[in-house]
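# Sequence first, then the predicted structure:
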Amino acid sequence: MIAMPGFARILVIFAALAASAGAALAAGPKAYVGNFKDSTVSVIDTGTERVVATLPVAAGPDGIIVAPNGRSVFVSGSGAAAVSEIDAASDRVTRAIDVGKGPQGLAMTTDGKWLLVAVNGDDRVAFVDTSAHGVSATVPVPKPHTIAIRPDGRQAYVASQEPGHFALVVIDMATRAVVTQIPLDKPPRDLEFSHDGKALYLTLAGVAAVQVLDPATNQWGVPIPTGVSPHIAQHFMGMASGVVVVQGPGEVMLFDPATHAAVRSIPVGKQPHWLDLSADGKKLWVSNEGSNDVSVVDLAGGPMHTVAVGNAPRKIAVQRTAASEGAHAGGSAHVAIRNFAFEPAQITVKAGQRVSWQNDDGAPHGLVFKDGSTGIDLLLPGKAFARVFDKPGVYDYVCSVHPYMTARVTVVGSQPGS
C-alpha cells in the first residue's frame, strides 16, 4: 500500500514519455491543425490517422505552413504578436518569432528561406528570414489578410481588407516594394496560385464563386460557380481537378481547371475552413471549424474518415515528406510511379542527394524535366531511374508518355535554421 503512490507516479511518467515519443514513431508524414479557440495545434499521423500530439501555440492560431523540407512548421497567432515555430521531428515549439500585432496569413518561398506574414494589426507584410528566425524587412500593406507567392518566386499577392479600399496588393519579392494594386468590390478572403502559376484563385466575402486571375496580365477570367461561401480554392500538382472548400453546404467541390465547370461535390464536416493534399496525392485533409474535426477524403472514392481535434480548427497543413527524410546530403529519396501519378508529387532534398523513381504501374512512363536537365524518355514497368541533384533550385517535371502527370523536386543548399 505504501509503494502504490510511487508506482502510480512511475506509470504517469511512462505514459507521458510514450505520448511524447508518439510523434517520433509516426508511420507517415504528419498533418498540423490549428485549433483557433484552444490556441493549440493538433498533430496527426497521416499514416494511422490519429492525433499523436497537442501543442500550445501563440493565441488564436490563424495561419499555418510547413516548410518545404518538412522539418519546421510555422503558426501565426492572430491574438498575439508572434509566429510559433515547431520542430517537426520532436513536435515541440522551439521559439516564438515576434512579427507585430495580429499576424494572420502565411506564405513561404519554395526554397524555405523566406516566410511572409500578413501582420494585420500593423498594416504590413513581414519578411521573416527562417535561418535567422527574425523579421528582416517589412512592406506596408493596409489590413493584409492572406498571401500567395507565385511559384517562380518573383511576386507575392496579398489580400488587403482595408474597409472601402479592398484590393490585391502585388509585391516584388526582389525589391520588396509594392508594384501594383488590383481593386476589388468585396473583401478578399483567400488567394492561392495553381501549381503551375498560370492562375490565381481568389474568394470574396458574399460571392458564391471563385474568381480567377491571369497573373501574366492581371486580367480576370471566367469565375468558377460554387455554393454559398467558398473559402479556399486550389489546384494541387498531380491532381487533374481543382478543389474548393465551400462552407455553406459543408462540402469540397472539384472543378475542371480548363472549363471551370464543377466535376463533383463531396460532403465533409460542419463549416469547413481549409484543406491540404496528402503527400501521396490520394487524400484531401479538410479542417471543419464547426464540428471540431478533420475529414480525410479519399479521392479514389473510398470511405471518408473523421479525426477529432481541438476547438474550432481552422488552418491545416500536411508534410510533403516526413521530417526525417532528406536529412543528410548524399542520402537518397524515393518517388513511386503508380496509378498514373508520381508519389509523392512534391519532394524536397538537399544539394548532393540522389532521387530515385520506380515504375510500379503496368504501363510505361518517363521523366522530362522542364529545364532540360537529365531525365529518361521511357521507363518500363518494374524499372527504375535515379539522378543526383547538385544545385539548389526547383525542378518541375512531367511524364514523357502522359504529360498530365506532373511533379516537382525542390533542392535546397542547406537546412533552414541550421
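Nice, I can see it.

# Tell me if I'm right that residue 89 and residue 71 touch.
Yes - Residue 89 sits in contact with residue 71 when judged by Cβ atoms under 8 Å, with a separation of 6.5 Å. Where C-beta positions appear, they are placed from N, C-alpha and C, glycine not excepted.

# more crowded one of those two?
Here residue 89 and residue 71 are set side by side on neighbour count (other Cβ atoms under 10 Å), and the busier one is residue 71, at 25 against 15.

# Tell me how far that one lies from residue 126.
Residue 71 sits 21 Å away from residue 126 when distances are taken as Cβ to Cβ, to the nearest Å.

# cool, residue 205 as well?
Counting by Cβ to Cβ, the separation of residue 205 from residue 126 is 24 Å.

# Between these two, which has more neighbouring residues?
residue 126 (23 against 13).

# hey, what's the more buried one bridged with?
When bridges are called by DSSP bridges, residue 126 pairs up with residue 117, residue 138.

# per-domain residue ranges of the chain.
29-318, 332-412 (automatic domain parsing).

# low pLDDT regions in the protein?
Regions of the chain meeting the criterion pLDDT under 70 cover residues 1-28, 321-332, 414-418.

# just the helices in it please.
Applying DSSP state H to the chain gives helices spanning 4-21.

# Look up how far residue 402 lies from residue 386.
Counting by Cβ to Cβ, the gap from residue 386 to residue 402 is 21 Å.

# returning to what we had before: if you compare the domains of the chain, which one is most tucked away?
With neighbours defined as mean count of other Cβ atoms under 10 Å, those peak in mean count at domain 29-318, which reaches a mean of 20.

# Would you agree residue 312 is in contact with residue 36?
Yes - with contacts counted by Cβ under 8 Å, residue 312 reaches residue 36, the gap being 4.2 Å.

# any shared contact partners between the two?
Each of residue 289 lies in contact with both residue 312 and residue 36 under the rule Cβ atoms under 8 Å, 6 or more residues apart in numbering.

# Need phi/psi at residue 199.
The phi and psi values for residue 199, taken as degrees, to the nearest 10, are phi -140, psi 140.

# residues contacting the closest residue to it other than its chain neighbours?
Once its chain neighbours are removed from consideration, residue 199 has its nearest residue in residue 212; the separation is 5.5 Å (Cβ to Cβ, 6 or more residues apart in numbering). Residue 212 is in contact with 199-202, 220-224, 260, counting by Cβ under 8 Å, 6+ apart.

# Look up how far residue 117 lies from residue 157.
15 Å.

# Test my guess that residue 231 contacts residue 247.
Yes - counting by Cβ under 8 Å, residue 231 touches residue 247, with 5.4 Å between them.

# residue closest to the middle of the chain?
In the chain, the C-alpha closest to the average C-alpha coordinate belongs to residue 317, at a distance of 4.7 Å (Cα atoms, centre = their mean).

# tell me the contacts of that one?
Contacts here follow Cβ under 8 Å, 6+ apart; on that basis residue 317 touches 31-32, 64-66, 73, 276.

# how does it look with 6 Å?
Contacts for residue 317 were tallied using Cβ atoms under 6 Å, 6 or more residues apart in numbering; they are 32, 64-66, 276.

# CSV please, covering these and showing distance to residue 41.
Written out in CSV, the entries for those read as follows (distance: Cβ to Cβ, whole Å):
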residue, distance to residue 41
32, 5
64, 7
65, 12
66, 11
276, 14
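
# Let me know the closest of the residues you listed to residue 167.
Proximity of the contacts of residue 317 to residue 167 was ranked by Cβ to Cβ; the top entry is residue 65 with 23.2 Å.

# how close does the closest residue in space to the closest one that isn't next to it in sequence sit to residue 144?
Counting by Cβ to Cβ, 6+ apart, residue 106 is the residue found nearest to residue 65 once chain neighbours are left out, at 4.6 Å. In this structure, residue 106 lies at 11 Å from residue 144, with Cβ to Cβ as the measure.

# what do these two both touch?
Shared contacts of residue 106 and residue 144, counting by Cβ under 6 Å, 6+ apart, come down to nothing at all.

# distance between the ends of stretch 37-50?
For stretch 37-50, the first-to-last residue distance is 21 Å (Cα to Cα, to the nearest Å).

# Identify the residues contacting that stretch?
By Cβ under 6 Å, 6+ apart, the list of residues contacting stretch 37-50 from outside reads 26-34, 51-57, 59, 75, 91, 278, 296, 305, 307, 309-312.

# Alright, calling it a day.
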